[in-house]
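>>> sequence and computational prediction follow.
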Amino acid sequence: MPKDKESLRIEARDSGKEDWQLWGPYLSDRQWGTVREDYSADGDAWSSFPHDHARSRTYRWGEDGLLGICDKNGLLCFSAALWNGKDPILKERAFGLSNPQGNHGEDIKDYYYHLANTPTHSFMRGLYKYPQQEFPYQHLIEENGRRSRLEKEYELVDTGIFNESRYFDVFFEYAKAAPDEMAIRLRIVNRGPVAAPLTVLPTLWFRNTWTWEVAPASKPEIRLLPDGQGLRAHSTELGDYSLQAEGRPEWIFTDNETNDRRLYNAPNRTPFVKDAFHDYVVSGATGAVNPARIGTKAAAVYQRTLAPGEEWVIRLQLAPSSQEKSFDASFDTLFADREKEHLAHFEAVVPGMPEELSLVMRSAIAGLLWGKKFYSYQVNRWLSGDPTMPKPPAERWKGRNVFWQELYANDVISMPDCWEYPYFCAWDLMFQSVAFAITDPATAKRQNMLLQGERYTSPSAQQPAYEWELSDANPPIGGWAAWRIYSIERGETGTGDRAFLKKAFNKLLLNYGWWANRVDQTGDNVFEGGFLGLDNIGVFDRRYPLPDGSRIAQSDGTAWMATFSLNMLNIAIELAHEEPEFEDIADKFLNDFIYLAAAINSTGTGGLALWDDEDGFYYDVLRRPDGSSAYLRTRSVAGLTPLFAVESFDPATVLKFPLLRKRYQWFEQHRPHLMAKLQHIKEDVDGRKLISLVPPEHLRRICERLFDESEFLSPHGIRALSKIYEEHPYTFTEGEKTETLAYSPADSPVAMFGGNSNWRGPVWMPMNYLVIESLQKFGFYFGDTFKVEFPTGSGVQMNLWEVSLELEKRLVGIFTRDKDGRRPFNGGVDLFQNDPHWRDLLLFNEYFNGDNGSGVGASHQTGWTALVAKMCRQLHTFQKNI
């Protein structure tokens, strides 16, 4: 069967024949308020570079814009600025609150959507909703500032600014004619009842790479083309590019330089500065732009008053200057062709998917692909400062990331959320890499391996977490992600990429050693690890020892390490099928796993196992300096992580690798005290061997709580904390410190870890994904010999595979229309639920309300919430109605 055209482009990209990844949606959504732009003494990144500075101050490490594009090195950027005739500034970038301003931390307030994207970025479409009334910047800050953490966030839609549909739909569309030729189409529709004016500035600019050097190698420039119909942008790295525009717009020019006069009441170093277009358009300051028509930032100026319902189309082309450009019928034909190819490629990936399910999957993948952003952060240079700039404060050498001077990031990286988290996060990136594997395995592998490279990993083999604290320990799921990528591609093509798997394994060996040597502080195979990505999950902040010196032995810390060892065992055995030398090291990981399984299931130091047989759940244990211990009895997703450490091996593998039996026999003979709770590892079913952290008898008891609708099971997936704590909060006192944990289904009620994420009740897609995957592994092994009630108390018996599909239906149902035509993630906002121009626009939030499924937290978290695309495909494959 012939391959679709997008698949052929992917092949050309992956083979190195054509650089289809040269241009993409790599322009950041937010550069201000990031750690890498913070040069303060106290590390307050939000105050150091606030939104108010963004239009006037040059960024050091990147650029940002509204649904824009740039080359893969972040040098030449394109986006469009908008002005409705009433705003005090141009709309150049999406607006949101900083962490201190929001009552639940940083929070995007604008509304924009990722509608379409392809792996080669041959076709991209985004949508921004631009109000026609003055944007209420200060009102949003003040109203959210008045609200407590117990109140809902005040959103842009709450202001009434979209009443009577008084806004513009602004579609940003891109279509590649070739790897270096980009057709650009801006489609603007007046959705309101009256005529409304709009100014549009399609803008081309260079990232400032010259100000920071005493003698820069070269400075790029943008000039007006001789015919006055466009721009010529020249740089040493990219050569000559031109941007041409349909019609005869006015062209204005300035430089990407800081407006020191506005920000610091100091003389400007250059006469034309970054925010010149604001002064020119909003204030009518004609002297703000360069009359010589040269600079490092330039824009076309289009102005029009649109009648109600009128659509306005602006056409542009960005390509090497040697290429001919035309705005005849072939221009729109290119867009039509690329859109058809986008849909054809999706159909090739998942043939015959129903439209409602297809919309969810396409939108999730689009968000994932739009989330690829250029990210630059060179820590040593950041700490030392630039020779042309004031020397950074000495306090920085005792502050954030000082031990990561070797980190040198300068790559296109998948972001957790384009606006709220515009930086890599280690464990997010692993989930994201698995989501990529569905449609773009090569990108999945690149993203999976990136943080394991020598430019990122520390000399001690620790992987960086995220720029706010590179040294934080995130769950070690790199092995899981590498195995899943390998398995997904093998399932699609029939052949797994062994070279990738072997390379990943060798890199992971180093990180495995770091975890084994640095996180198990007591040497008894019970791990701490601290926050481990779960922010406020604990009754105490798990990053720190308690004031009396007590420490927390974490059920999830130990379980993550056991999962890591089992992932490595799995990979080693797969490699050993063709390279027998890997069998010996597989034995090492099985050995480690048994010690970990014994530690989490058996009585340990202080007299308590992490498994509490009385409650039938895994809990954290508080270990006191005097040797005593106590359970922290909070039933949360941390106690579910032991489920993730499970694999089963087919009869042929069990026969080929006798170590899977012999290692257990050795422990039974020489370490019998460790094996009392691990008899299940000894048993086989039809020749298959199950290796799991959780024994079947524990699994059954966990399932009772997991599928109980008064505890973990919600209409929209598994909650992160049992709902039992809604009416019965958990309180624990240790010394003089007393803390209380209560079920909270939506935003975080506490300030712990910034207060912008909440693990005390909501539904989180990545943890649900891992729960489902684990249930499927157990289900594949046990079949109908292991059934449970689903939901608990319903009398309906299901095997674990059937249960996993029911959970997937609940999770996918967050985004699909229910019997009343409403999408749960949109909550109670009637505009979003009913208006034809909003109701089929999907956002993929960071997490979801544990009671009603409404979206909470970051709103563009595709990101790990893109894992729902994998669920869509599986439900479609097994013909499960949603």
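Cool, the structure landed. Just so it is clear, the structure is predicted and the values come from calculations on it, not from any experiment.
>>> when you work out contacts or count neighbours from here on, use the C-alpha atoms and nothing else.
Fine.
>>> next, the contact list for the residue positioned nearest the centre of the chain, please.
Centroid-nearest residue in the chain, with CA atoms, centre = their mean: Pro416, separated by 1.8 Å. Neighbouring residues of Pro416 by CA atoms under 8 Å, 6 or more residues apart in numbering: 371, 422-425, 428-429, 432, 861-864.
>>> try Ser471
Ser471 sits in contact with 401, 462, 464-465, where contact means CA under 8 Å, 6+ apart.
>>> what do you get if the cut-off is 7 Å, keeping everything else the same?
464-465 (CA atoms under 7 Å, 6 or more residues apart in numbering).
>>> ok, now Ala444?
With CA under 7 Å, 6+ apart, Ala444 has these contacts: 433-434, 436-437, 485.
>>> quick check: buried residues in the helix or strand containing it?
Take DSSP states H and E as the rule and Ala444 turns out to sit in helix 441-450. Residues of helix 441-450 classed as buried: 441-445, 447-450 (neighbour count, 16 or more other CA atoms under 10 Å).
>>> try stretch 644-660
Buried residues in stretch 644-660, defined by neighbour count with 16+ other CA under 10 Å: 644-649, 653-654, 657, 659-660.
>>> ok, back up a step: of the contacts of Pro416, which one scores lowest on pLDDT?
Taken together, those show their lowest pLDDT at Gly863, with 88.
>>> find the nearest non-adjacent residue to it, please.
Nearest non-adjacent residue to Gly863, counting by CA to CA, 6 or more residues apart in numbering: Pro416, 4.2 Å away.
>>> against which helices or strands is the helix or strand harbouring Ser565 packed?
Element membership for Ser565, per DSSP H and E: helix 555-576. The contact analysis (3 or more CA pairs under 7 Å, 6 or more residues apart in numbering; DSSP states H and E) places helix 555-576 against helix 478-493, helix 582-601.
>>> hey, least reliable of those helices by pLDDT?
helix 582-601 (a mean of 91).
>>> next, the buried residues of it.
Buried residues in helix 582-601 (16+ other CA under 10 Å): 582-583, 586-587, 589-601.
>>> and that helix with helix 555-576, angle?
160 degrees (axes from the mean of the first three to the mean of the last three CA atoms, to 10 degrees).
>>> for the residue lying closest to Arg9 once chain neighbours are set aside, give me the pLDDT.
In space, and not counting its chain neighbours, Arg9 is closest to Thr120: 6.9 Å by CA to CA, 6+ apart. Looking at Thr120, its pLDDT reads 98.
>>> pretty sure Thr120 is touching Leu22, no?
No. Assessed by CA atoms under 7 Å, Thr120 is found out of contact with Leu22, at 9.1 Å.
>>> who's more crowded, these two?
Thr120 (24 against 17; other CA atoms under 10 Å).
>>> tell me the SS of the more buried one?
coil (DSSP: H, G, I helix; E, B strand; the rest coil).
>>> for it, give me its contacts.
Thr120 neighbours (CA under 7 Å, 6+ apart): 9-10, 20-21.
>>> now intersect those with the helices, please.
Per DSSP state H, helices hold the following members of the contacts of Thr120: 9-10.
>>> please identify, among the contacts of Thr120, the one with the most neighbours.
So for the contacts of Thr120 (other CA under 10 Å), the most neighbours sit at Trp20, 23 neighbours.
>>> tally of neighbours for the nearest residue to that residue once chain neighbours are set aside?
Here the nearest residue to Trp20 in space, its sequence neighbours aside, is Pro179; by CA to CA, 6+ apart that works out to 4.5 Å. For Pro179, the neighbour count with other CA under 10 Å is 19.
>>> what's the pLDDT at Pro179?
Looking at Pro179, the pLDDT reads 97.
>>> so it sits against Gly16, correct?
No. Judged on CA under 7 Å, Pro179 makes no contact with Gly16 at a distance of 11.8 Å.
>>> what's the local residue count around Ala217?
Count around Ala217 with other CA under 10 Å applied: 9.
>>> and it, what's its pLDDT?
80.
>>> assumed it was part of a strand.
No. Assessed by three-state DSSP, Ala217 does not belong to a strand; its assignment is coil.
>>> chain neighbours aside, what residue packs nearest to it?
Among residues not flanking Ala217 along the chain, Trp210 sits closest, at 8.0 Å (CA to CA, 6+ apart).
>>> using the three-state scheme, assign the one you found.
Trp210 - assigned by three-state DSSP - is coil.
>>> touching, it and Pro220? I think so.
No. Using CA under 7 Å, Trp210 is not in contact with Pro220; the gap is 8.6 Å.
>>> who's more crowded, these two?
Pro220 (22 against 13).
>>> quick one: contacts for the more buried one?
Contacts of Pro220 by CA under 7 Å, 6+ apart are 234-235, 296.
>>> how many other residues sit next to Lys17?
10.
>>> part of a strand, is it?
No. Lys17 is assigned coil when assessed by three-state DSSP, not a strand.
>>> and the gap between it and Phe374?
22 Å (CA to CA, to the nearest Å).
>>> same question, Pro387
On the measure of CA to CA, Pro387 and Phe374 end up 24 Å apart.
>>> now the spatially closest residue to Asn591 that is not a sequence neighbour. Its backbone dihedrals?
Take Asn591 and drop its neighbours on the chain: the residue closest to it by CA to CA, 6+ apart is Arg663, 6.9 Å away. As for Arg663, its main-chain torsions (degrees, to the nearest 10) stand at phi -60, psi -40.
>>> done for today, thanks.
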